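S.K.: mind folding the following:
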Amino acid sequence: MADLHGDRVSHLLVDARPVDHPTARNRGIGRYTIGLLSGLQQVGAPVVALYETDTEAGVLAAAVPGLALQRWSPAVIRAHTMPGAWYLATQLMLHPIPLDPVPRIITEAGLPVAAVMYDVIPERYPEQYQQRHTARAQVQLRGILTRTLDALLAISQFAADTAAHELRFPAQRIAMIGAGVEGQFMPATADPWPRLREVLHADGRAVVVSVVGSDPRKNTHRLLSAWGKVPAAVRRTHRLVVVGAHDDALLAQWQQWAHAAGVGHDVAFTGGVTDDEMVAVHQVAALAVMPSTEEGFGLPVLEAAACGCLVITSNVSSLPEVLAERAAEFDPYDVAAIAAAIERALTDAAHRDVLWAAAQRAVLRWTWAGTGSAVMSSLAALGPRQRRTLRQVAPRIALAGAFDDSPTGRANTLLAEAIAGQVAAPEVHLLVDGATTDRPTHAGPGRFPVRALGRFVHPSLFDHVVTLAVDARDARAALVDHGAAQRTLALAAVGAAVDATDEALRDADRDAVAVLEWLAHRSPAGS
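M.R.: Residues are numbered from 1 along each chain as shown. Okay, here's the model as predicted:
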């Protein structure tokens, strides 16, 4: 064991699983995770991206070539448990909260933990986001877990301030690290219109773009109402393009709002777009409008600026931080103020020069390299919340198979007990396959139904997951997944021998030794 103190960050283990999370991939938190890892790599940080699936590894390798990748496993955590090592949780604020934003093996190792703080919108607006009791419970659990962490790394000062208040977390242990923009967001080098042929057609009018969503805080209703108050002479030469995925009901609502504002024929709704289409629509736009009433950062503002598009934005939440230009701001609750801001940004040449300068400053200020540097300097400055002792995570294997009163089940139980009884044995956990019986699993510590694996029992908990299988000849074998290949070890036969106690025990002990020696020559399933 080692005592952890000092301010040098020797290793930074980053949870990279959001890149393929069902609610985060190709969206805010998934994309932020990729950008963050890219920035850390750019500044030479000692970063290791921890993934769980081959899909996640593929996404990471393609997005950040040369990034150090390791599959989650106790062995990987053991290798990096040393003074100065940190774990960075990226999933804490996902909705719904994952079951293991800080996996058990991190806690067991005693590593200090920081988490990326995106926003506390569900905590700030419980009447909208906590209507279901499960949602309320998740918010409460997130608050409890957050208060156990060593530090929070907020993507904006607004996110930092609101997190301190809503989560009752010490403000002095929250650092602002910002965000960046992906390299594909850049001014056009060729005509962008051909790349938009599937979602938008040129009609001779200039484009005013706004990236919205289904959430009321995106303020789409007021935006459409404001477009109706923009002078008709301006609207004759400009078209509002609303970008955002929608279902039929949401589209009908947006169209109804547009018709009510008298601009039903002056607004185009693209629906969901690809990354390249998102870039292209900003490259053709004369102006981008961000009317949201609350954001954790406001990445669409920065993405538009990076494409060479002028931007105006709400004067609330984190949004003023992005451009840092009062002349680019408007009151998002005042329809007339939104309309006036749009008109001025489209017709006042001197004002457009101010907006252009603000956009360029923002692109230079907010970079992923800057975010990576902020992460490393913040962790070094904050240090662990308290002196702690590092521990090596115990070796741990899971045995999957029948553990009932059948001959196979009894043989497997004897094997598990024999493995646990060996000198320097790993922890043995059972994943009970009850497919052939209607008896309960009798789940408890170290004993779960096999169907729990990958759901609430993560493979990352184990150095190896070994399946105990039997073929039609009652020949038993142990199988372990090893990358794309499956390795097999023949074990003692199942049958009458299991009823002969002395012989069964000898077989189990011999098999236990064979299994442990076999696993010792195999890389952990998580590597």
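
S.K.: and the strands in the stretch 201-350 of the chain?
M.R.: For the stretch 201-350 of the chain, applying DSSP state E, counting those that start in this stretch gives strands covering 206-211, 238-243, 267-271, 285-290, 311-314, 329-330.

S.K.: let me see the mean pLDDT of the fourth one.
M.R.: This points to strand 285-290. When pLDDT is averaged along strand 285-290, the result is 98.

S.K.: ok, now the shortest one?
M.R.: What strand 329-330 shows for mean pLDDT is 98.

S.K.: still on that earlier bit, now the strands of the stretch 201-350 of the chain in JSON lines, with distance to residue 381 and mean neighbour count?
M.R.: Every C-beta, even on glycine, is put in place using the N, C-alpha and C of the backbone. Shown next, in JSON lines, are those (distance: least, C-beta to C-beta, whole Å; neighbours: other C-beta atoms under 10 Å):
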{"stretch": "strand 206-211", "distance to residue 381": "35", "mean neighbour count": "23"}
{"stretch": "strand 238-243", "distance to residue 381": "39", "mean neighbour count": "23"}
{"stretch": "strand 267-271", "distance to residue 381": "44", "mean neighbour count": "19"}
{"stretch": "strand 285-290", "distance to residue 381": "32", "mean neighbour count": "25"}
{"stretch": "strand 311-314", "distance to residue 381": "30", "mean neighbour count": "28"}
{"stretch": "strand 329-330", "distance to residue 381": "31", "mean neighbour count": "22"}
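
S.K.: identify whichever of those strands lies nearest to residue 195.
M.R.: The closest of the strands of the stretch 201-350 of the chain to residue 195 is strand 267-271. By C-beta to C-beta, the value is 12.6 Å.

S.K.: give the contact list for residue 111.
M.R.: 13, 77, 81, 85, 86, 87, 390 (C-beta atoms under 8 Å, 6 or more residues apart in numbering).

S.K.: for residue 139, same thing?
M.R.: 122, 123, 126, 129, 130.

S.K.: what's the neighbour count on the closest residue to residue 222 other than its chain neighbours?
M.R.: Nearest non-adjacent residue to residue 222, counting by C-beta to C-beta, 6 or more residues apart in numbering: residue 335, 5.3 Å away. When neighbours are defined as other C-beta atoms under 10 Å, residue 335 has 20 of them.

S.K.: got it, and residue 417?
M.R.: With neighbours defined by other C-beta under 10 Å, the count for residue 417 comes to 14.

S.K.: now the helices for the stretch 1-150 of the chain?
M.R.: In the stretch 1-150 of the chain, helices defined by DSSP state H, counting those that start in this stretch lie at 28-42, 54-63, 74-80, 104-109, 121-124, 126-129, 133-146, listed in chain order.

S.K.: wait, which of these is closest to residue 239?
M.R.: Proximity to residue 239, assessed across these by C-beta to C-beta, is greatest for helix 28-42 (27.2 Å).

S.K.: picking that back up, same list, the contacts of residue 111, but as JSON lines with neighbour count please.
M.R.: Listed next are the contacts of residue 111 as JSON lines, based on neighbours: other C-beta atoms under 10 Å:
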{"residue": "13", "neighbour count": "25"}
{"residue": "77", "neighbour count": "24"}
{"residue": "81", "neighbour count": "23"}
{"residue": "85", "neighbour count": "22"}
{"residue": "86", "neighbour count": "26"}
{"residue": "87", "neighbour count": "25"}
{"residue": "390", "neighbour count": "16"}
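
S.K.: so, low pLDDT: which residues of the protein?
M.R.: 1-6, 22-27, 95-99, 435-443, 471-475, 481-487, 492-504, 523-527 (pLDDT under 70).

S.K.: outline the domain layout of it.
M.R.: Domains of the chain are assigned by automatic domain parsing as 2-180+370-387, 193-366, 396-520.

S.K.: want to throw these into TSV with distance to residue 187?
M.R.: Shown next, in TSV, are the domains of the chain (distance: least, C-beta to C-beta, whole Å):
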stretch	distance to residue 187
domain 2-180+370-387	17
domain 193-366	4
domain 396-520	42
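
S.K.: which residue packs closest to residue 289, ignoring adjacent ones?
M.R.: residue 210 is the one closest to residue 289 (C-beta to C-beta, 6+ apart), at 4.6 Å.

S.K.: now residue 417
M.R.: Residue 417's closest residue in space is residue 508 (C-beta to C-beta, 6+ apart), at 7.2 Å.

S.K.: which residues does the one you found contact?
M.R.: Here residue 508 is in contact with 411, 414, 415, 417, 418, 492 (criterion: C-beta under 8 Å, 6+ apart).

S.K.: which one of the residues you listed sits closest to residue 149?
M.R.: The closest of the contacts of residue 508, once distances to residue 149 are taken by C-beta to C-beta, is residue 417, at 38.5 Å.

S.K.: relative to residue 509, how far out is the closest one?
M.R.: 10 Å (C-beta to C-beta, to the nearest Å).

S.K.: before we move on, what about residue 355?
M.R.: 77 Å.

S.K.: and residue 458, by the same measure?
M.R.: For residue 458, the distance to residue 509 - C-beta to C-beta - is 31 Å.
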